[in-house]
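> structure here, sequence nowhere to be found:
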């Protein structure tokens, strides 16, 4: 996986503490409810990050469901496991989504929230998910919509473009918000062997206690941090304040909120 999407150092902890409540939890609740409605016996979570969906699955799944939680990043998985109470239904394993270390036909549901966008070869990842699903098994994926439909991300990008006009910080547009076209996603899934593919645009609301809280989430809790530090060492705090000022000018000085948008995609393994 490219170095600029690896979550290292303090980023996993800050990501979980700052970014997850800002934009991930509301979708984790939605995704976990959809998984639970399928009444699976065995679930694999792919690219689980720090466990936003995992924690919701723990609440919504029955006592006999088994969940295997995976992520390529060991530090992210460590944070995820530390946030979860001991639960015999769950096991944890570092794993590459493009080379899953599981036998064919192992799971009833594979779920991946906001991980596919970061994978270098999406079709390989789709084929791997299909391989480990049992016939009739369901694949459930969430990806971010275009950046213009996610107002905090768009505002952060604009503020960083003003700060670094000669070397734009394009992580958000290039990766998290770079894979949103259903006309690309659906044929890739179909070509990987999935049927009954459905793509739904789901709009939620992001909320932060302040503009500074939102700016800190993006600038400290994502790989944007490394991009800022590479362009201007020692300037992270000052750049964060500048981003916060842009957000405050647009959204206000107190608690702020704005629309966020994602695609929730489902497919079935024929059989």
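Looks like it came in fine. Being a predicted model, the structure only gives us computed values, none of them experimental.

> show me where the stretch 101-250 of the chain has strands.
107-113, 133-144, 194-208 (DSSP state E, counting those that start in this stretch).

> which of these is buried the deepest?
Most buried of the strands of the stretch 101-250 of the chain, by mean neighbour count (mean count of other Cβ atoms under 10 Å): strand 107-113, with a mean of 26. Glycine gets a C-beta too; all of them are placed from N, C-alpha and C.

> and the residue nearest the centre of this protein?
The residue lying closest to the centre of the chain (Cα atoms, centre = their mean) is residue 114, at 2.6 Å.

> now it: closest residue in space, sequence neighbours ignored.
Excluding its sequence neighbours, the residue lying closest to residue 114 (Cβ to Cβ, 6 or more residues apart in numbering) is residue 142, at 5.7 Å.

> just the pLDDT for that neighbour.
At residue 142, the predicted lDDT confidence score is 98.

> wait, what's in contact with it?
Listed by Cβ atoms under 8 Å, 6 or more residues apart in numbering, the contact set of residue 142 reads 27, 31, 112-114, 262-265.

> now do 6 Å
Contact analysis of residue 142 by Cβ atoms under 6 Å, 6 or more residues apart in numbering lists 27, 31, 113-114, 262, 264.

> now residue 109
Contacts of residue 109 by Cβ under 6 Å, 6+ apart are 35, 38, 40, 43, 138.

> just give the nearest non-adjacent residue to it, would you?
Nearest residue to residue 109 in three dimensions, chain neighbours excluded: residue 40, at 4.3 Å (Cβ to Cβ, 6+ apart).

> element containing the one you found?
For residue 40, there is no host helix or strand (DSSP states H and E).

> pretty sure it sits against residue 107.
No. Applying Cβ atoms under 6 Å, one finds residue 40 not in contact with residue 107, separated by 7.6 Å.

> burial count for the residue nearest to residue 109?
Neighbour count of residue 40, defined by other Cβ atoms under 10 Å: 23.

> again with residue 20
Residue 20 has 20 nearby residues by other Cβ under 10 Å.

> that one and residue 130, how far apart?
Applying Cβ to Cβ, to the nearest Å, the value for residue 20 to residue 130 is 28 Å.

> ditto for residue 95
Counting by Cβ to Cβ, the gap from residue 95 to residue 130 is 16 Å.

> same question, residue 179
18 Å.

> distance of the closest residue to residue 195 other than its chain neighbours from residue 136?
Once flanking residues are discounted, residue 195 sits nearest to residue 270: 4.9 Å by Cβ to Cβ, 6+ apart. Going from residue 270 to residue 136 by Cβ to Cβ gives 8 Å.

> now residue 229
Residue 229 is 48 Å from residue 136, by Cβ to Cβ.

> cool, residue 101 as well?
In this view, residue 101 and residue 136 are 23 Å apart by Cβ to Cβ.

> now do the helices in this protein.
11-14, 25-37, 52-60, 74-82, 122-132, 151-163, 171-174, 182-191, 211-220, 224-231, 236-251 (DSSP state H).
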